[in-house]
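Q: My questions concern the predicted model and sequence given below.
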Amino acid sequence: MPRNTDRNPKSYEEIVRRTVVEPDGTVRPTLEQEQAAREGFRALDTDERALYDRVVDAIATAGAPGVTAEVSRDLVTLRGWVPDAALLRAVDEAIARIPGVETIHDQIVVGRT
């Protein structure tokens, strides 16, 4: 049985045409904004961006390429993996020393992937 691919909207425009009675044409997201929204992107303000850059630098300095960070105000969420507990401790300590970090949610896995 063939699938009906026309049922799944491909863009914001299609969604609006199908769901809004009188769409307001003044504000439309760009294609890049649509893609970012699909990926769950949340824009960082300038302070968060600066903090994020400092966190990424600290992770790189600690030597943990398998770790990623997400910043929301003064909260830093760390994800990924490290090979041993010593590196986990080094990453946590490096992040804790950064001015502006109040809370660290550590979701790093220790051991081999």
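A: Sure, I can see it.
Q: can I assume residue 106 sits in a strand?
A: Yes. With DSSP: H, G, I helix; E, B strand; the rest coil as the criterion, residue 106 is assigned to a strand.
Q: For burial, what's the neighbour tally of it?
A: Residue neighbour count, defined by other CB atoms under 10 Å, stands at 13 for residue 106. C-betas here are computed from N, CA, C, even on glycine.
Q: ok, it to residue 56 distance?
A: To residue 56, residue 106 is 16 Å away according to CB to CB, to the nearest Å.
Q: which residues touch the closest residue to residue 90 other than its chain neighbours?
A: If you skip the residues right next to it in sequence, residue 90 has residue 62 as its closest partner in space, 4.7 Å away by CB to CB, 6 or more residues apart in numbering. Contact criterion CB atoms under 8 Å, 6 or more residues apart in numbering gives 87, 90-91, 94 as the residues in contact with residue 62.
Q: List buried members of those by neighbour count.
A: When neighbours are counted using 16 or more other CB atoms under 10 Å, the contacts of residue 62 contain these buried positions: 87, 90-91, 94.
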